[in-house]
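Engineer: I'll drop the sequence and a predicted model, then ask my questions.
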Amino acid sequence: MDYKNITVAGSGVLGYQIAFQTAFHGFHVTVYDITDEALEKAKSKFSVLSEAYKKDLNATQQQIDKTAQNLSYISDLAEAVKDADLLIEAVPENPAIKTDFYKKLAEVAPEKTVFATNSSTLLPSQFVEATGRPSKFLALHFANTIWIHNTAEIMGHASTDPKIFNDVVAFAKAIGMLALPLHKEQPGYILNSLLVPLLSAATRLLVTEVADPQTIDKTWMKATGAPAGPFAILDVVGITTAYNIDKIAAEKTQDELKIKTVKYLKENYIDKNKLGISTGEGFYKYPNPAYKDPDFLT
Ligand code: NAD
């Protein structure tokens, strides 16, 4: 892997974190977004992330200064990718926007540029045609708060070149990630393939009145040694996200239990603004949730 210049497209929540993390690890990073306004917004997040890296990773001022030097901001796509070895796409999770972006990118990117999508729910094969370079395209998926939750799931599609795949695994390690290669396309990657069924099984136990959230979490924590149970995790993810996923599933399948779940979450949590950690209360109350109490499992 001899990547030096990385372009990150989309400077929103995840895009800017990816750009900062990559620059922090010594790569030249160009941040691309559609408007100068969006780029100004991204620049204003530099100091927030600097403080977080100092606090959480003991980053030195020298490292932060170097990170700033490694970052540049460009709103012209051709200019932003002209030297890119790798382009990481973090534009909105909308198939039409992504397809349009890849078509425009394919017209201006040099032949050497590898394209990687950070999409959480869409498969790379959906965009292969638009990229015009199947062998040099794959998914590189990060988690929110990348500097602490430093996982990188790497997932090719049927015609991703294995050498490119290995280069991207090496790149992920070079920017401080725990690299997690997937050998085939899988909606939800590894993490959400495990997590979504767990969270929905927990919700089902609650809605069908089998047990209360704390009992369900206690069972999971004690029996598996996990530091948190499914309802504590739902508070972190945000109950709105679970509600939206269930709502889409309920509308699509008309499944009775799903419809009941949506109603339950709406009446007991969404309408009461109990959305999880973000609003100070969800299944637990914050900042001192019961599951963190030393006596919770006794
Ligand atoms: P966001 O809405 O915060 O940011 C999207 C950015 O893309 C904005 O700055 C917007 O101006 C820009 N944009 C819009 N159209 C564009 C275009 N045509 N070209 C370039 N930039 C454009 O979104 P986000 O939460 O950062 O998500 C981005 C991607 O990352 C999505 O695919 C999402 O699934 C994935 N992701 C998000 C998270 C998360 O927790 N937010 C976690 C993992 C992966």
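Structural biologist: The structure has been received and is ready for your questions. Numbering: from 1, shown residues only.
Engineer: please identify the buried residues of the strand or helix carrying Val168?
Structural biologist: Assignment of secondary structure by DSSP states H and E places Val168 within helix 162-174. For helix 162-174, a neighbour-count test (16 or more other CB atoms under 10 Å) marks Ile164, Phe165, Asp167, Val168, Val169, Phe171, Ala172 as buried. The C-beta positions use only the backbone N, C-alpha and C, and glycine is treated the same way.
Engineer: same deal with stretch 128-136?
Structural biologist: Buried residues in stretch 128-136 (16+ other CB under 10 Å): Val128, Ala130, Thr131, Arg133, Pro134, Ser135, Lys136.
Engineer: so the fifth one sits against Ser125, correct?
Structural biologist: No: at 9.1 Å, Pro134 does not count as touching Ser125 under the criterion of CB atoms under 8 Å.
Engineer: show me the contacts for the residue of the stretch 1-150 of the chain found nearest the ligand.
Structural biologist: Residue of the stretch 1-150 of the chain nearest the ligand, by CB to the nearest ligand atom: Gly12 (1.7 Å). Going by CB atoms under 8 Å, 6 or more residues apart in numbering, Gly12 touches Ala38, Ala90, Pro92.
Engineer: is Ser72 bridged to anything, and to what?
Structural biologist: Note on Ser72: beta-bridge partners Thr30, judged by DSSP bridges.
Engineer: could you give the number of residues near it?
Structural biologist: Burial of Ser72 is recorded as 14 neighbouring residues (other CB atoms under 10 Å).
Engineer: hmm, back to that, among the contacts of Gly12, which one has the most neighbours?
Structural biologist: Ala90 (25 neighbours).
Engineer: which residue packs closest to it, ignoring adjacent ones?
Structural biologist: Nearest residue to Ala90 in three dimensions, chain neighbours excluded: Gly15, at 3.5 Å (CB to CB, 6 or more residues apart in numbering).
Engineer: three-state assignment of the one you found?
Structural biologist: Three-state assignment for Gly15 (DSSP: H, G, I helix; E, B strand; the rest coil): helix.
Engineer: list the contacts for it?
Structural biologist: Gly15 touches Val8, Ala9, Val31, Asp33, Ala42, Ile88, Ala90, Val91, Asn118, counting by CB under 8 Å, 6+ apart.
Engineer: re earlier: now the buried residues of stretch 128-136 as CSV including secondary structure and distance to Tyr189?
Structural biologist: Putting these into CSV (DSSP: H, G, I helix; E, B strand; the rest coil; distance: CB to CB, whole Å) gives the following:
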residue, secondary structure, distance to Tyr189
Val128, helix, 18
Ala130, helix, 21
Thr131, helix, 19
Arg133, coil, 22
Pro134, helix, 20
Ser135, helix, 21
Lys136, helix, 20
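Engineer: which two among those are spaced furthest apart?
Structural biologist: Ala130 and Ser135 (14.8 Å; CB to CB).
Engineer: for the spatially most central residue of the chain, which residues are in contact?
Structural biologist: Against the mean C-alpha coordinate of the chain, by CA atoms, centre = their mean, the closest residue is Ala143 at 3.6 Å. For Ala143, the contacting residues are His149, Asn150, Thr151, Leu191, by CB under 8 Å, 6+ apart.
Engineer: next one: Leu297
Structural biologist: Leu297 neighbours (CB under 8 Å, 6+ apart): Lys218, Met221, Lys222.
Engineer: mind checking the SS state of it?
Structural biologist: Secondary structure, three-state DSSP: Leu297 is coil.
Engineer: re the thing from before, filter the contacts of Gly12 by proximity to the ligand?
Structural biologist: Ala38, Ala90, Pro92 (CB under 6 Å from any ligand atom).
Engineer: my guess is the second one contacts Ile18, does it?
Structural biologist: It stands for Ala90. Yes: with contact defined as CB under 8 Å, Ala90 reaches Ile18; the gap is 6.2 Å.
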